[in-house]
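Asks: model the following, please.
(chains A and B)
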Amino acid sequence: MKCEDVSKELIAYLDRRANSAERQEVEEHLTACGACRTRAEEFRRLWTVLDEMPATEPSFGFDARLRQRVAAEPRRSWFTWLVPQPRLAFSLALLLAMSVWIANKPPVPRPVQVAGPNGLSEDEQFQMIQELDVLENFDVLSKSDALAELPLPAAAHPQGNAPQDDGGA
Amino acid sequence: MARTDVQLMLDVKAGDEVSFGLLLAKYRSPLINFLYRMVRDAATAEDLAQEVFLRVYRARRQYSPSAKFTTWLFRIATNLALNSVRDNRYKRMELSLDAPAEVDEAPREVPAREKRIDEYMLERDRSEVIRRAIGALPEKQRAAVLLHKYEEMDYSEIAKILECSESALKSLLFRAYETLRVQLAPLVAQPLAPRAGGGRAR
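Replies: The predicted structure is shown next:
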């Protein structure tokens, strides 16, 4: 390890924060290099010198002044809940945008009516359901021969009362 | 059992003002000391410390324990201190440029760069010399030394506060201590007996 390389690890070494490998490398170099050894010793003494700088104390009114400033900070009231928070505002804006988009979306063409299993379209099936009364009586209605009950023209008009044929003859 | 900083901060988040008072009591002095050594003015340091605690209080509802509380606290403090130092430097530059040039004015005496620190020691006591030497470091180096030496933080935590890699931090610390070693050479040659509780024990 060279002197330049040691310089980077020297503080960590003196601070006892270098790992074992770094520590060993620095120690080997310090054993061989008198200049770095002197520097390391001066760093140690420098730290003792730096301890001589006295600490300063806060002024008497420091806490009171800070508490006054903290007390003057705006408190969260019910009104602040009405002020839109960024996330809430974003969510509402997104919801609004989606609503507008859906409202303006062109109508989807109606799907082609597919015939049911019985061969009837949906409309025809609906019509059939509406006419269930008729279907329920289908048997009766199908058996009755309405035309048969109609009076035959010949029976309704006997010979004598046959309408006069003024065929102009 | 004492609550951790994170637990206290979560209680503050839940609306417990007493927990905020406990955090204030715990970190008031370290924070003011750190800021004082950064900006070198007691009144400014207290104003900045007030601002730091106020920002913590304002951010309580968004607080999530993703990092150590001290990392968050000192990151706010470091950023405020760096801004303050830069603003003051800018103001001083404006002042010197705007000052009217007086023909009869005697030339101001500017200490030569090569003037050694031991020359000042005749008129200043040792602690003032140390404070001056730390204050003369570039801002980021100064912050690194203060967090390392006086706040006794780990490299990983300091690196997060200063937003740099641990490798870059090691280089930063070495350069800073090397400068201090040269600047404070007369004191290093004659150290006083170490004080109790003066910083990281080594």
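
Asks: what about B:Ile32, how many residues close to it?
Replies: 24 (other C-beta atoms under 10 Å in any protein chain shown). For every residue, glycine as well, the C-beta is placed using N, CA and C.

Asks: who's in contact with it?
Replies: Counting by C-beta atoms under 8 Å, 6 or more residues apart in numbering or on different chains, B:Ile32 touches A:Thr56, A:Glu57, A:Pro58, A:Phe62, B:Ala45, B:Glu46, B:Ala49.

Asks: neighbours of A:Gln24, how many?
Replies: 13.

Asks: ugh, typo on my part, it should be A:Leu10
Replies: For A:Leu10, using other C-beta under 10 Å, the count is 24.

Asks: what sits against it?
Replies: In this structure, A:Leu10 makes contact with A:Val26, A:Cys36, A:Arg39, A:Ala40, A:Phe43, B:Phe174, judged by C-beta under 8 Å, 6+ apart.

Asks: return the per-residue confidence for the second one.
Replies: Each residue has a pLDDT score; the one for A:Cys36 is 90.

Asks: from the contacts of A:Leu10, pick the one nearest A:Phe126.
Replies: Closest approach to A:Phe126 among the contacts of A:Leu10 (C-beta to C-beta): B:Phe174, at 90.8 Å.

Asks: right, and B:Val52 touches B:Asn79 too?
Replies: No: look at B:Val52 against B:Asn79 with C-beta atoms under 8 Å: they stay out of range, at 9.5 Å.

Asks: who has more neighbours, the two?
Replies: B:Val52 (25 against 16).

Asks: element containing that one?
Replies: According to DSSP states H and E, B:Val52 maps onto helix B:42-58.

Asks: residues of that helix that come out buried?
Replies: For helix B:42-58, a neighbour-count test (16 or more other C-beta atoms under 10 Å in any protein chain shown) marks B:44-57 as buried.

Asks: elements contacting it?
Replies: helix A:62-71, helix B:17-39, helix B:69-98 (3 or more C-beta pairs under 8 Å, 6 or more residues apart in numbering or on different chains; DSSP states H and E).

Asks: what residues does chain A put near chain B?
Replies: Neighbours of chain B within chain A, by C-beta under 8 Å from any C-beta of the partner chain: A:7-12, A:14-17, A:39, A:42-59, A:62-63, A:65-66, A:69-70, A:73.

Asks: and if we set it to 7 Å?
Replies: For chain A, the residues in contact with chain B (C-beta under 7 Å from any C-beta of the partner chain) are A:7-8, A:10-12, A:14-15, A:17, A:42-59, A:62-63, A:65-66, A:69-70, A:73.

Asks: now, which of those lie within helices?
Replies: In helices, defined here by DSSP state H, the members of the residues of chain A next to chain B are A:7-8, A:10-12, A:14, A:42-50, A:62-63, A:65-66, A:69-70.

Asks: what residue lies at the spatial centre of chain A?
Replies: The centroid of chain A falls nearest to A:Ser91 when counting by C-alpha atoms, centre = their mean (9.1 Å).
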